[in-house]
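**Q** Got a predicted structure plus its sequence, pasted below:
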Amino acid sequence: MIIHFGRASNIYFPFGRQGAGNAMIEWAGGTNAIDTSSKFRTLSAEILVKCQPQVILATEFGYDRLGLDKFKDLPGIALTPACKDNRIYRVEEHDLLYFGPRTGENVLKLMELIHKK
């Protein structure tokens, strides 16, 4: 899962293997491609490509700012299986970062995205 904050500096903030975002991905039957124990850290385009995510969950901030076509043109994104297979999906950041009354519903939505063929 990736949050992108601005094309100018091409900074990616992935969610690591701790926290609500990772838990929701696991509950939805997915595996986080980012192998880090920290919640957030910057990620280069090269590391993104090395991780080879099959699905990219882009939060609304970066996705809406650019749109899907421009998002796919970001450094590293086009070289991922997620991009090649058109499996980049827009998600609401607050639905993934916080547990609450809609957590079950949000996990079901993630299941649909992650396991969509």
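**A** That came in fine, so what should we check first?

**Q** Touching, Ile34 and Tyr12? I think so.
**A** No. With contact defined as Cβ atoms under 8 Å, Ile34 and Tyr12 do not form a contacting pair (9.6 Å). No exception for glycine: its C-beta is placed from N, CA and C like everyone else's.

**Q** who touches both of the two?
**A** Taking Cβ atoms under 8 Å, 6 or more residues apart in numbering as the contact rule, Ile34 and Tyr12 both touch Leu43.

**Q** Just the strands from the chain, written as ranges.
**A** Using DSSP state E, the strands found in the chain span residues 2-4, 12-14, 56-59, 88-91.

**Q** right, so of the ones you listed, which gets closest to Asn106?
**A** Nearest to Asn106, of all the strands of the chain, is strand 88-91, at 8.6 Å by Cβ to Cβ.

**Q** ok, and for the closest one, which residues are buried?
**A** 88-89, 91 (16 or more other Cβ atoms under 10 Å).

**Q** how about CSV for these, with distance to Leu79 and pLDDT added?
**A** Converted to CSV, these look like this (distance: Cβ to Cβ, whole Å; pLDDT from 0 to 100):
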residue, distance to Leu79, pLDDT
Ile88, 13, 94
Tyr89, 18, 93
Val91, 22, 91
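
**Q** Low-confidence stretches in the chain?
**A** Within the chain, the ranges that satisfy pLDDT under 70 run 1-11, 36-41.

**Q** residue furthest from the geometric center of this structure?
**A** Within the chain, Pro101 marks the point farthest from the mean C-alpha position, 22.1 Å out by Cα atoms, centre = their mean.

**Q** give me phi/psi at that one?
**A** phi -60, psi -20 (degrees, to the nearest 10).

**Q** For it, give its distance to Asp69.
**A** The gap separating Pro101 from Asp69 is 35 Å, by Cβ to Cβ, to the nearest Å.
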